[in-house]
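S.K.: below are the sequence and a predicted model for it; my questions follow.
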Amino acid sequence: MPTQYNIWIAMIRKFFRKLANKKDKFDHLLEKYKLPRAYFNFNRKMVTKGVLVGLFWGFIPMPMQMAGVMITTPLLRFNVPIGLATVWLSNPFTYPPLWYLEYATGNLIMGTEGIDNIELTMQWFQDHWDDIVIPLYVGTAFYSTVVAFLIYLLLNWLWIRSVKNEQCEKKKNS
């Protein structure tokens, strides 16, 4: 019996398959702007690596995270639109809880207590920047590398499992 995750992964795979079938217009667009087709492939490796790269840059508290994805593009082959979209999981609405989580995780990793009475004002951040920057980026390093890689492995596993379940269903029905 398929689980909820298998159903979602199967739906995502079917969506990408439909997009791949409409490639005449897409090929014309790629030729017109001289874009490499490899950066737009919709297969397991390209999509999961796109999520990995997007999460890596998305966890880092810095401006221009999308530029980080684009800089990474020549070094790793991945689905660029997926990478760019995944960066937007961190956005102005999710920054405060994400950065606090990274700060708290950094303090936990470093074995420090951290600051109580955090205020969400620019003046407070200017006054306490020296106290929060190291724990923040230690936590950021943890989430950008370890958590992003674990999510990459999980997506790979779910995708492979979804394909195997689909093949089993086809064998049962034929």
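M.R.: Yes, it's here. All values reported here derive from a predicted model rather than from experimental measurement. Numbers count the residues shown, from 1 in each chain.
S.K.: what's around Phe149, how many residues?
M.R.: Per other Cβ atoms under 10 Å, the neighbour tally for Phe149 reads 13. All C-beta spots, glycine's among them, are computed from the backbone N, C-alpha and C.
S.K.: for the residue nearest to it when sequence neighbours are not counted, list the residues it contacts.
M.R.: Residue nearest to Phe149 in three dimensions, not counting chain neighbours: Leu52, with 6.8 Å by Cβ to Cβ, 6 or more residues apart in numbering. Going by Cβ atoms under 8 Å, 6 or more residues apart in numbering, Leu52 touches Phe78, Ala148, Phe149, Ile151, Tyr152.
S.K.: check contacts around the last one.
M.R.: Contacts were defined as Cβ under 8 Å, 6+ apart; by that measure Tyr152 touches Thr48, Lys49, Val51, Leu52, Leu55.
S.K.: same thing with the first one?
M.R.: For Phe78, the set of contacting residues under the criterion of Cβ under 8 Å, 6+ apart consists of Tyr39, Met46, Lys49, Gly50, Leu52, Val53, Thr72.
S.K.: is it in a helix, a strand, or coil?
M.R.: coil (DSSP: H, G, I helix; E, B strand; the rest coil).
S.K.: buried stuff in the longest helix belonging to the chain?
M.R.: Longest helix in the chain, counting residues (DSSP state H): helix 148-173. The neighbour-count check on helix 148-173 (16 or more other Cβ atoms under 10 Å) flags Ala148, Tyr152, Leu155, Asn156, Leu158, Trp159, Arg161, Ser162, Asn165, Glu166 as buried.
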